[in-house]
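Q: Provide a 3D model corresponding to the input given below.
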Amino acid sequence: MDESTPPPPGDSPPAPPPPPTLNTGSPTEFLKGVVGKRVIVRLTSGVDYRGVLSCLDGYMNIALEQTEEYVNGNVTNRYGDCFVRGNNVLYITAAEVLG
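A: Residues are numbered from 1 along each chain as shown. Predicted coordinates:
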């Protein structure tokens, strides 16, 4: 059988597996979903703050509770509450699996 002849109906190759599902939610939906959960906030300086996201605004100003400050992967400070100005935020990620 040459390349241009289609295979008989019973000899078709198995269908490829479906692509992995991607989270197509918006950043706003993600941020609403992590309020009250543990997050990691990376600053433009490379410092990480890990804590419970209390609230945030449209400027990415962030309030955290039970906050730990990490520099080069080591805890350097612990704060009860922490406020991070939005222009210093590089990204926010969930520290726990979202359901």
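Q: shouldn't Gly33 be within a helix?
A: Yes - under DSSP: H, G, I helix; E, B strand; the rest coil, Gly33 falls within a helix.
Q: for it, which residues are in contact?
A: 25, 98 (Cβ atoms under 8 Å, 6 or more residues apart in numbering). For glycine as for every other residue, the C-beta is placed from the backbone atoms N, C-alpha and C.
Q: rerun that using 6 Å as the cut-off
A: Leu98 (Cβ atoms under 6 Å, 6 or more residues apart in numbering).
Q: same question, Asn88
A: Counting by Cβ under 6 Å, 6+ apart, Asn88 has contacts 43-44.
Q: just the pLDDT for it.
A: You'll see Asn88 listed with a pLDDT of 96.
Q: Cys55 too?
A: At Cys55, pLDDT is 95.
Q: equivalent analysis for Thr28, please.
A: Reading off the model, Thr28 has pLDDT 86.
Q: tell me, how many residues neighbour it?
A: By other Cβ atoms under 10 Å, 9 other residues sit near Thr28.
Q: what lines up beside the helix or strand where Leu53 lies in the sheet?
A: Using DSSP states H and E, the element containing Leu53 is strand 48-56. Within its sheet, strand 48-56 is paired with strand 38-43 (antiparallel), strand 62-71 (antiparallel), according to DSSP bridges.
Q: mean neighbour count and mean pLDDT added to those strands, as JSON lines?
A: Output for those, formatted as JSON lines (neighbours: other Cβ atoms under 10 Å; pLDDT from 0 to 100):
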{"stretch": "strand 38-43", "mean neighbour count": "18", "mean pLDDT": "96"}
{"stretch": "strand 62-71", "mean neighbour count": "18", "mean pLDDT": "96"}
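Q: wait, Arg42 sits on Ile92?
A: No - shown here, Arg42 and Ile92 do not form a contact pair, counting by Cβ atoms under 6 Å, at 7.8 Å.
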